[in-house]
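Asks: sequence and predicted structure, then a few things I'm wondering about:
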Amino acid sequence: TTVMNTGAITAPEIIQVYVSPLQRGSSDPLINLVYFEKMEIQNGESHQLNIKVSTTLLETAQHDGTRKLVPGRYRVYVGGHHPFDEQANEGTSGKCVSADITISN
């Protein structure tokens, strides 16, 4: 994804990656923050980001405390804020981008 500072001054940005299961069990979280990176962006500059999310970051905590990669469909969100933050989505920071992925056995 590309991050651009369209403002008049250099500003910090925190890029966030969230994952949400599209088929949730009753004890599954609605969404998980799996990665973030803080960067300073000069006014008028843009940065191309290549983010690799390890499968260990997609694991779900089980009732016994172990972690497991659960097969299924997930939506991955990337942006400068929580993807369900309606106020931020309407503001100048822009909407999060998303893509669906499938994890198989």
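Replies: Arrived safely.

Asks: okay, CA-based contacts and neighbour counts for the rest of this
Replies: OK.

Asks: quick one, what contacts Cys96?
Replies: For Cys96, the contact set (Cα atoms under 8 Å, 6 or more residues apart in numbering) comprises 77-83, 89.

Asks: again with Phe36
Replies: So Phe36 contacts 14-17 (Cα under 8 Å, 6+ apart).

Asks: tell me if I'm right that Glu37 and Val17 touch.
Replies: No: in this structure Glu37 lies outside contact range of Val17 using Cα atoms under 8 Å: 9.1 Å.

Asks: which one of the two has more residues nearby?
Replies: Val17 (24 against 11; other Cα atoms under 10 Å).

Asks: and that one, what element?
Replies: strand 11-21 (DSSP states H and E).

Asks: and the helices in this structure, which stretches?
Replies: 86-90 (DSSP state H).

Asks: show me the shaky parts of it.
Replies: 1, 26-27, 86-94 (pLDDT under 70).

Asks: and the strands in it?
Replies: With DSSP state E as the criterion, the chain has strands at 2-4, 11-21, 32-41, 46-48, 60-61, 67-68, 72-79, 97-103.
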